[in-house]
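K.L.:
Just a sequence and a predicted model for now, questions to come.
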Amino acid sequence: DTGVSQDPRHKITKRGQNVTFRCDPISEHNRLYWYRQTLGQGPEFLTYFQNEAQLEKSRLLSDRFSAERPKGSFSTLEIQRTEQGDSAMYLCASSPSLGGADTGELFFGEGSRLTVL
Amino acid sequence: SQQGEEDPQALSIQEGENATMNCSYKTSINNLQWYRQNSGRGLVHLILIRSNEREKHSGRLRVTLDTSKKSSSLLITASRAADTASYFCATDNGGGSNYKLTFGKGTLLTVNP
């Protein structure tokens, strides 16, 4: 499968614990995005990488959240000291860079659902 | 914050009928996209319409864009039970780099067999 891959698909954790999600984008895509989606809402932008550089972070991304893309390939999203309000689906997407291959379309993974008890 | 607002929030129709969903947005855009999401799954891109286009077709999908009213509509013709899903419109920020999309809250479409 050559789509965007996310792991784990589901994570249940207790409040105060740390969690980490991984995203493997489509291999030729150098742009990678993290979105958060709560029940009944559309996805909300969290952060964006161009290769290994994190170019924008939403105000939704508090100090407890950190995202990395160390070699410009896979990315991780870590949430420290989780709170019940962090319960959501965390979606990763990728796209090719601006230019001929860029249609503006985002390719999403299946998401990582977090439940904080 | 979410720029797009879909209308209606929920829509229930019979198989074979057409489904129309509307989206309104607030700021200027380069393009508007529609995505589909089955329950508990990721989003799948359906169609993109650029700000200088007024109408676009793809299979059973027809999208219109009215930039003067800052609105778009998605029409699914001859609906099927498999079309049951949430549908979201998404807009870019209208700047030179259209990398970030802002999604609406979505329309939940149920197609009854």
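P.N.:
Now that the structure is in, tell me what you want to look at.
K.L.:
Sheet-wise, list the partners of the one helix or strand in chain B whose mean pLDDT sits lowest with their directions.
P.N.:
Using mean pLDDT, DSSP states H and E, the weakest-scoring helix or strand in chain B turns out to be strand B:5-7, at a mean of 81. Counting by DSSP bridges, the strands paired with strand B:5-7 are strand B:19-24 (antiparallel).
K.L.:
For the partner strand, which outside residues touch it?
P.N.:
For strand B:19-24, the surrounding residues in contact (CB atoms under 8 Å, 6 or more residues apart in numbering or on different chains) are B:4-8, B:11, B:13, B:32, B:34, B:69-76, B:79, B:83, B:87, B:89, B:104, B:107, B:109, B:111. Quick note: C-beta positions are derived from backbone N, CA and C, even for glycine.
K.L.:
Can you give the strand pairings for the next helix or strand after that strand, parallel or anti for each?
P.N.:
Using DSSP states H and E, the helix or strand that follows strand B:19-24 in sequence is strand B:31-37. Partners of strand B:31-37 in the sheet, by DSSP bridges, are strand B:43-50 (antiparallel), strand B:85-91 (antiparallel).
K.L.:
Point out the residues in chain A that sit beside chain B.
P.N.:
Residues of chain A lying near chain B by CB under 8 Å from any CB of the partner chain: A:4, A:31, A:33, A:35, A:40-45, A:48, A:50, A:56, A:91, A:93, A:95, A:98, A:103-111, A:113.
K.L.:
check contacts around residue B:36.
P.N.:
By CB under 8 Å, 6+ apart, the residues touching residue B:36 are B:43-44, B:46, B:85-88.
K.L.:
again, but for residue B:47
P.N.:
With the criterion set at CB under 8 Å, 6+ apart, residue B:47 makes contact with B:33-34, B:56, B:58, B:61, B:63, B:74.
K.L.:
where does the nearest residue to residue A:110 once chain neighbours are set aside land on pLDDT?
P.N.:
In space, and not counting its chain neighbours, residue A:110 is closest to residue B:42: 4.5 Å by CB to CB, 6 or more residues apart in numbering or on different chains. Per-residue pLDDT puts residue B:42 at 93.
K.L.:
If anything else comes up later, I'll come back, but that's it for now.
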